[in-house]
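Visitor: Structure for this input, please:
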Amino acid sequence: MTSHAIRIPLNFTDIWRYRELLYFFTWRDIKVRYKQTALGAIWAVLQPFLTMLIFAAILGSFFKLREGVPYAVFVYSALLPWTLFQYALTQATGSLVGNSEMLTKVYFPRILLPIAITLAGMVDFAIASILLVGMLWFYHIPPTWNLVSVPAFFVLAMLASVAAGIWLSAINVKFRDVRYAVPFLLQVWFYATPIVLPPNVVHGLAHWIFILNPISGIVEGFRWSLVSKASMDWTALIISCAFTAATLVGGLYYFRRMEETFADVV
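Guide: As a prediction, this is how the structure comes out:
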C-alpha cells in the first residue's frame with residue numbers, strides 16, 4: 001500500500017518518550033485554570049450544578065421522575081460527561097495557537113497540547129463527581145453492578161474529547177474562525193443530546209437526532225452506570241463508539257499530516 005496516510009506515522013513512541021512533558025503541560029493547565037480565582041476548584045462544581053438547578057426549576061415540575069429517579073439526579077449524571085467534553089473542545093481548539101511561541105522555538109510532539117487540555121479536565125470531572133455521590137446518597141439511590149462500567153464510559157468520554165480536540169486544534173491553526181464557531185456548535189449540540197430529556201419522550205426527527213448524536217451513547221452510558229433504574233440505548237452506544245474510533249484515527253492522521261506546517265502558519 002502506498003497511500004499518503006501510510007507515509008505519515010502516528011509516532012506513538014514519540015509521545016511516550018515525551019510523557020513527562022505531557023504531565024507538565026497537564027499540571028500547567030490545571031494551575032492556570034484556578035490561578036487567582038476566588039472560588040478555586042468550586043468552579044468545577046458550580047457550572048454543572050447551576051445548569052442542573054435551572055433545568056430542574058423549569059422542567060422539574062413536569063418531570064419529577066425520569067427513568068425512575070429524581071429529575072435532578074437524571075440531569076446531573078448526564079452533565080458530568082458533557083461538561084468534560086465541552087471543556088475539552090473549548091480549550092483544546094486554541095491550544096496550538098495559544099502556545100505559538102513554543103511551537104516555533106523547540107520541538108516536541110504538538111499533539112501533547114490538546115491531549116493535556118483534556119487530561120486537565122479530569123480534575124473538574126473528579127470534583128464534580130463528588131457532588132453526584134452526595135446526591136445519590138441524599139435520594140437513597142443504591143449502587144448496582146452497573147457501577148463497574150463507569151471506568152469504561154469515562155475512558156470513552158476521554159477518547160471522544162481527545163479525538164474532537166485534536167481535529168479542532170489542528171483546523172484552528174489554519175482557520176482561526178473555528179474558535180468562534182465552537183461555542184455556538186456546543187450550544188446546539190447540548191440541546192441535541194439527551195441530557196435534560198430522554199430520547200423516549202421526543203418523537204419524529206428530534207428522536208433520531210438524539211439517537212444519531214455521537215455523544216448520546218456516552219451520556220446515557222454514564223447515567224445508566226450511576227443511576228440504578230436508568231435505561232441504556234445500546235444503539236446509541238454503538239454509534240458513539242464508532243464515531244469515537246473513526247474520529248480519533250482520522251484526527252491522529254490529520255494532525256500528523258498538518259504538524260509540520262504549524263510553526264509556519266501559527
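
Visitor: residue nearest the centroid of this structure?
Guide: F85 (1.6 Å; CA atoms, centre = their mean).

Visitor: I'd like to know which elements the host helix or strand of it is packed against.
Guide: Secondary structure from DSSP states H and E places F85 in helix 71-93. Under the contact criterion of 3 or more CB pairs under 8 Å, 6 or more residues apart in numbering; DSSP states H and E, helix 71-93 touches helix 42-59, helix 112-138, helix 150-174, helix 178-191, helix 216-226. (Each C-beta comes from the backbone N, C-alpha and C, glycine too.)

Visitor: Which of those sits closest to A236?
Guide: helix 216-226 (4.0 Å; CB to CB).

Visitor: what's the neighbour count on A126?
Guide: If you count neighbours by other CB atoms under 10 Å, A126 ends up with 13.

Visitor: Report the mean confidence score over stretch 100-111.
Guide: In this model, stretch 100-111 has a mean pLDDT of 81.

Visitor: List the buried residues in that stretch.
Guide: By neighbour count with 16 or more other CB atoms under 10 Å, stretch 100-111 contains the buried residues L103, F108, P109, R110, I111.

Visitor: swap in stretch 192-208?
Guide: For stretch 192-208, by 16+ other CB under 10 Å, it's T193, P194, I195, V196, L197, P198, P199.

Visitor: Can I get that stretch as PDB, trimmed to CA atoms?
Guide: Output in PDB follows, covering the C-alpha atoms of stretch 192-208 (Å, rounded to 0.1, in the frame of the first residue of the first chain):
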ATOM      1  CA  ALA A 192     -29.300  17.700  20.600                       C
ATOM      2  CA  THR A 193     -28.000  15.500  23.400                       C
ATOM      3  CA  PRO A 194     -30.300  13.600  25.800                       C
ATOM      4  CA  ILE A 195     -29.200  15.500  28.900                       C
ATOM      5  CA  VAL A 196     -32.400  17.200  30.100                       C
ATOM      6  CA  LEU A 197     -34.800  14.800  28.200                       C
ATOM      7  CA  PRO A 198     -34.500  11.100  27.400                       C
ATOM      8  CA  PRO A 199     -35.000  10.100  23.700                       C
ATOM      9  CA  ASN A 200     -38.300   8.200  24.500                       C
ATOM     10  CA  VAL A 201     -40.200  11.500  25.200                       C
ATOM     11  CA  VAL A 202     -39.400  13.100  21.800                       C
ATOM     12  CA  HIS A 203     -40.600  11.800  18.500                       C
ATOM     13  CA  GLY A 204     -40.000  12.200  14.800                       C
ATOM     14  CA  LEU A 205     -36.900  14.000  13.700                       C
ATOM     15  CA  ALA A 206     -35.900  15.000  17.200                       C
ATOM     16  CA  HIS A 207     -35.900  11.400  18.300                       C
ATOM     17  CA  TRP A 208     -33.500  10.400  15.500                       C
END
